[in-house]
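Student: this one's structure only:
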């Protein structure tokens, strides 16, 4: 069974996007981004919430298009409608059995790319195995949190850390049961 990996950029105060889903303060180039792109190529299944998917519309992603063409992409939403020929799948609800079936159906780790509400729902089910944080030395003050309020605590074990200079740090944590 493949792990679910939450791989996301985060501010020093715990936000994955600022107000209005602004991500302009996060690095968009450099070694930390190159390393992220290399990790991205290893994912074959992508899981995201509706807001994360629709965020791509701002950058020209048409409704139904797959932002990760190398992978099967699933959008968790009870209300999203897409064209009949959509390249992404909509999953209306999630539960432990569905997540386990998803993890069994792929031959590579599942990339949870956002957002905070979906990450919390999956974490509350005990289904995130790895947390990869691209930590930026910024304080956003508000926006989309790394996790929406959780019903359970997550115990983490630091597995790897890379410092990129100028305060940029990548950290990989194993989520302990």
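Tutor: Okay, I see it. Note that the structure is predicted; figures quoted are calculated from it, not measured.
Student: Packing partners of the strand with the most length in the chain?
Tutor: Using DSSP state E to define each element, the chain has its longest strand at strand 155-165. Here strand 155-165 touches helix 31-40, strand 168-176, going by 3 or more C-beta pairs under 8 Å, 6 or more residues apart in numbering; DSSP states H and E. From N, CA and C alone the C-beta is placed, and that goes for glycine too.
Student: what does it contact?
Tutor: With C-beta atoms under 8 Å, 6 or more residues apart in numbering as the test, strand 155-165 has contacts from 30-32, 35, 130-131, 169-176.
Student: list the buried ones in that strand?
Tutor: residue 164 (16 or more other C-beta atoms under 10 Å).
Student: got the angle for it vs strand 168-176?
Tutor: Angle of strand 155-165 versus strand 168-176, following axes from the mean of the first three to the mean of the last three C-alpha atoms, to 10 degrees, is 170 degrees.
Student: all strands for this protein, in order.
Tutor: So, for the chain - with DSSP E - the strands run 4-11, 15-17, 45-49, 72-76, 89-91, 110-114, 130-136, 144-145, 155-165, 168-176.
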